[in-house]
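>>> My questions are about this predicted structure, shown below with the sequence.
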Amino acid sequence: MRVFAKAAGWALLTLLFCASVSAQAEDVYLSVPDFLSEQYETVPKPAMLWLDEAQRKDAESVSGEDPGFRQRYWLSDQKSSWVINVIGRDHPITLGISVKDGRIAALRVLIYRESRGWEVRHPFFTRQFDQAAMDNGKLDRGIDNITGATLSVNALQRAARLALWLDSQLPQE
């Protein structure tokens, strides 16, 4: 009986370890090259948008996110694409966001690392951002929340505002 209790204890510890490892896993839903291939027939070369301190503060006031001093982007046919990391609760969520004519053309969750809130990756949720634009520093529409995924929903909204703001900073051709 004692041997059985010991074996059950080890089995329980192993199960808990596996559960904790999977809770911190990184789920890759779409790679950056695959996202860019969805957006462009021929993927353009990446370019760099350099931001000064005043621009960084503007970006942070609009989106709540500090974009850093530089952001890589891809631009073709007046559509820009951005790969943005935002923190949901504890870990970054990597998003691919394309902007055309000041509106979001596509928003995809590329990598999700949080333990909860993964529902935001589904198209039924991300479609809410299609054609969203900025209106006085906010998105021009309300985004429905998902119970239990509030922080991830908020992170996606911040990233959408940041991508729209970054697109507005590109030099006009």
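Nice, thanks for sending it over.
>>> alpha carbons only for contacts and neighbour counts from here, please
Noted.
>>> and the gap between E53 and G68?
The gap separating E53 from G68 is 9 Å, by C-alpha to C-alpha, to the nearest Å.
>>> now V83
13 Å.
>>> okay, these two: which has more neighbours?
Neighbour totals were compared for V83 and G68, and V83 leads with 22 against 15 (other C-alpha atoms under 10 Å).
>>> Can you classify the more buried one by secondary structure?
Three-state call for V83 (DSSP: H, G, I helix; E, B strand; the rest coil): strand.
>>> For the protein, give me the ranges with low pLDDT.
1-24, 173 (pLDDT under 70).
>>> which residues of it fall in strands?
In the chain, the strands defined using DSSP state E lie at 27-28, 46-50, 70-76, 79-87, 92-100, 103-112, 134-135, 138-139.
>>> could you say what helices and strands the second one packs with?
For strand 46-50, the contact count by 3 or more C-alpha pairs under 8 Å, 6 or more residues apart in numbering; DSSP states H and E identifies strand 70-76 as packing neighbours.
>>> One more: the third one?
Contacting strand 70-76 under the criterion 3+ C-alpha pairs under 8 Å, 6+ apart are the following elements: strand 46-50, strand 79-87.
>>> same check, this time on the first one
Using 3+ C-alpha pairs under 8 Å, 6+ apart as the contact definition, the elements that strand 27-28 packs against are strand 103-112.
>>> returning to that earlier point: among the helices and strands packed on strand 70-76, which is the most enclosed?
Stretch with highest mean neighbour count among the helices and strands packed on strand 70-76: strand 79-87 (a mean of 22; mean count of other C-alpha atoms under 10 Å).
>>> Now do it: everything it contacts.
Contacts with strand 79-87, where a contact means C-alpha atoms under 8 Å, 6 or more residues apart in numbering, come from 32, 36, 39, 65, 71-75, 92-101, 152, 155-156, 158-159, 163, 167.
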